[in-house]
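**Q** Have a look; sequence and predicted model below, questions after that.
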Amino acid sequence: MDVGQILYTTIQFFFDILFLLILVRILLSFLPQFRSNAIAEMVFGITEPILSPFQRIIPPVGMFDISPMVAIIVLGILQQVLLFLIANAFGLFIE
């Protein structure tokens, strides 16, 4: 495995974990009794810096906060752009 493949895999793994944490945060928002849990606090602590800019721009729709969904879409686009750039820079052939 060369440097390009390691970088590609690392970026992919980072975004996969980030998407998972945002999805867990969405689920936890429907279960307020678990917010004081140490794991829930960790999830909120990690995702808050990422979601807060989206929450400032996108107001809640009724009682629903759609900013995590918008963040997932924007982060997905960012992930694809980064992976494309890495693949082209290192000449990787990714399926």
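**A** Done, it's in.
**Q** and for stretch 28-48, what are the contacting residues?
**A** Contact partners of stretch 28-48, identified using CB atoms under 8 Å, 6 or more residues apart in numbering, comprise 18, 21, 22, 24, 25, 65, 68. (C-beta placed from N, C-alpha, C; glycine too.)
**Q** one more time with 6 Å, if that's ok
**A** Stretch 28-48 has contacts (CB atoms under 6 Å, 6 or more residues apart in numbering) with 21, 22, 24, 25.
**Q** By neighbour count, which of those wins?
**A** Using other CB atoms under 10 Å as the neighbour test, these are led by residue 22, with 21 neighbours.
**Q** of all the contacts of stretch 28-48, which two lie farthest apart?
**A** Distance extremes for those: the farthest pair is 22 and 24 at 7.3 Å, using CB to CB.
**Q** Show me the common contact partners of the two, please.
**A** Common neighbours of residue 22 and residue 24 (CB under 6 Å, 6+ apart) do not exist.
**Q** wait, doesn't residue 92 sit right on residue 4?
**A** Yes. Here residue 92 lies in contact with residue 4, judged by CB atoms under 6 Å, at a distance of 5.3 Å.
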